[in-house]
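**Q** Here is my input; please provide its structure:
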Amino acid sequence: MNVISTEKLPIKLWLNDIEEGALQQAKNLANLPFTYKHVSIMPDSHQGYGMPIGGVLATKGVIIPNAVGVDIGCGMCALETTLTEIDRETLKKILREIREAVPVGFDHHKKRQDEYLMPELEIPENGIIMQQYGSALKQIGTLGGGNHFIEIQKGSDGQIWIMIHSGSRNLGKKVADHYNKLAVKLNEKWFSEIPKKWELAFLPFDCDEGKHYIKEMNYCVEFALANRNLMMENIKQCIEKVLKTKENLFPEPIINIAHNYAKMENHFGNNVMVHRKGATLAREDTIGIIPGSQGTKSYIVKGKGNPDSFQSCSHGAGRKMSRTKAESNLNLEEEIKKLDDQGIIHAIRGRKDLDEASGAYKDINEVMENQNDLVDILIELSPLAVIKG
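**A** You can find the predicted model right below:
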């Protein structure tokens, strides 16, 4: 851990090579009047909107929509199977079935899914979720785009695993955009001293707008989990269909962990709102998931409860270059060869896919080494087959 002490509050970093834009955003966080104790920056950090991805911010009295992000509740789930081997041709058949069952990218289900799949949480009347509810019924159980993925993996425990990375789809983005715009207007009305260019407009807990955002954010977190759960159920059915077995292949519970949310927690003796934007809860003995890229290992981990990170860890490897820079600078043939040489059934076809090539991401081994005081590794997972959004 490195510490920067030049700002109003300290910045604690678990990396040495933070980009200038992300560092400036961390400094902005450290100078907010309601930031609590210090700012924590995880080893996968890179620049985001307002707050760095891989940032952890605790606040007193306010919540910041841009410190949660646009994909509210985005996270990981993983499931251990009883399978120990799976051949390449069977994997290809399973992938074909999954593509039929799980819409990816901008695609949604053609029909609304059952309402019982949706979260049962109190939401504001005439809020964004009420307006988007019908659309959300077609979005639940869909992967989305960007860095979201479905991956079949071989674990260091000898078992085959299924892993999903996805979020709250358009529902979360609508909620995030609405309340961030609302916060900007209110901050202007209140003559907030926080510069607008910092993109850190806030909502107090005790105003109606803040209360409504917290309720809608919590709904999106639960919707993102419901989304992953439905995808996992459909993937399980695809595997059973291909393998033509009645054996229970999935006796273990699903591991789930979110990495874009804010939650009231107690740290250093005070109740504060902890914003994790591209960061994962790593409370003592909490089981979490840290994915790599489609050409590198992912990890099942156990938290150590380090107070300096607000009991958090990284949410993945983290980007080392932007999407446009990856498409321009990476060598397509080299990236394909890296995956082919490992025997991975991957999703790199053309230059537009290079934004999700492993070369666009940080070295996951270095990221894990930098946070060995935050988590213990339980299981290493090597990719066998990947579907990207």
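
**Q** Go through the helix or strand containing Met368 and flag the buried ones.
**A** Taking DSSP states H and E as the definition, Met368 sits inside helix 364-370. Buried residues in helix 364-370, counted by 16 or more other Cβ atoms under 10 Å: Ile364, Val367, Met368, Asn370. From N, CA and C alone the C-beta is placed, and that goes for glycine too.

**Q** so how far is Ile94 from the closest residue to Glu97 other than its chain neighbours?
**A** Closest residue in space to Glu97, ignoring its immediate chain neighbours: Cys238 at 3.8 Å, by Cβ to Cβ, 6 or more residues apart in numbering. The gap separating Cys238 from Ile94 is 6 Å, by Cβ to Cβ, to the nearest Å.

**Q** if we can go back for a sec, which helix or strand contains the residue nearest to Glu97?
**A** Assigned by DSSP H and E, Cys238 belongs to helix 208-243.

**Q** quick one: that helix to chain centroid distance?
**A** 13 Å (Cα atoms, centre = their mean, to the nearest Å).

**Q** Same check on stretch 258-273?
**A** Its chain's C-alpha centre and that of stretch 258-273 lie 17 Å apart, by Cα atoms, centre = their mean.

**Q** can you pull the buried residues of it?
**A** Residues of stretch 258-273 classed as buried: Ala258, His259, Asn260, Tyr261, Ala262, Lys263, Val272, Met273 (neighbour count, 16+ other Cβ under 10 Å).

**Q** what's the answer for stretch 273-284, then?
**A** So for stretch 273-284, counting by 16+ other Cβ under 10 Å, buried means Met273, Val274, His275, Arg276, Lys277, Gly278, Ala279, Thr280, Leu281, Ala282.

**Q** Under the pLDDT cut-off, which ranges of the chain? List them.
**A** The chain contains no residues with pLDDT under 70.

**Q** for it, what spans make up the helices?
**A** Counting by DSSP state H, the chain has helices at residues 20-30, 88-101, 128-139, 169-189, 208-243, 323-329, 332-341, 364-370.

**Q** Glu327 reaches Glu356, doesn't it?
**A** No. Look at Glu327 against Glu356 with Cβ atoms under 8 Å: they stay out of range, at 10.0 Å.

**Q** the inter-axis angle of the strand of greatest length in the chain versus helix 208-243?
**A** Ranked by number of residues, the top strand in the chain under DSSP state E is strand 375-388. If you take axes from the mean of the first three to the mean of the last three Cα atoms, to 10 degrees, strand 375-388 sits at 70 degrees to helix 208-243.

**Q** Determine which of the helices of the chain approaches Ala67 most closely.
**A** Closest approach to Ala67 among the helices of the chain (Cβ to Cβ): helix 20-30, 7.9 Å.

**Q** For that closest one, give me every contacting residue.
**A** The contact list for helix 20-30 (Cβ atoms under 8 Å, 6 or more residues apart in numbering) reads 4, 6-11, 13, 18, 35, 38-39, 41, 45-48, 50-55, 57, 67, 198, 200.

**Q** So which of the residues you listed sit within strands?
**A** Per DSSP E, strands hold the following members of the contacts of helix 20-30: 4, 11, 13, 35, 38-39, 41, 45-46, 53-55, 57.

**Q** so which of those residues comes closest to Pro103?
**A** Of all those, Pro103 sits closest to Ile53, with 25.5 Å by Cβ to Cβ.

**Q** Which residues are in contact with the closest one?
**A** Ile53 sits next to Ala22, Asp44, Ser45, His46, Gln47, Gly69, Lys277, Gly278, Gly318, Arg319 when contact means Cβ under 8 Å, 6+ apart.

**Q** re earlier: and Glu327 and Glu356? Which one has more around it.
**A** Glu356 (26 against 19; other Cβ atoms under 10 Å).

**Q** surely that one meets Gln294?
**A** Yes. Using Cβ under 8 Å, Glu356 is in contact with Gln294, at 6.7 Å.

**Q** intersection of neighbour lists for the two?
**A** In terms of Cβ under 8 Å, 6+ apart, Glu356 and Gln294 are both contacted by the residues Ala347, Ile348, Lys388.

**Q** Any chance of TSV for those, columns neighbour count?
**A** As requested, these are arranged in TSV below (neighbours: other Cβ atoms under 10 Å):
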residue	neighbour count
Ala347	20
Ile348	23
Lys388	22
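
**Q** residues near the residue lying closest to Glu247 once chain neighbours are set aside, how many?
**A** Excluding its sequence neighbours, the residue lying closest to Glu247 (Cβ to Cβ, 6+ apart) is Thr82, at 7.3 Å. Residues near Thr82, counting by other Cβ under 10 Å, number 12.
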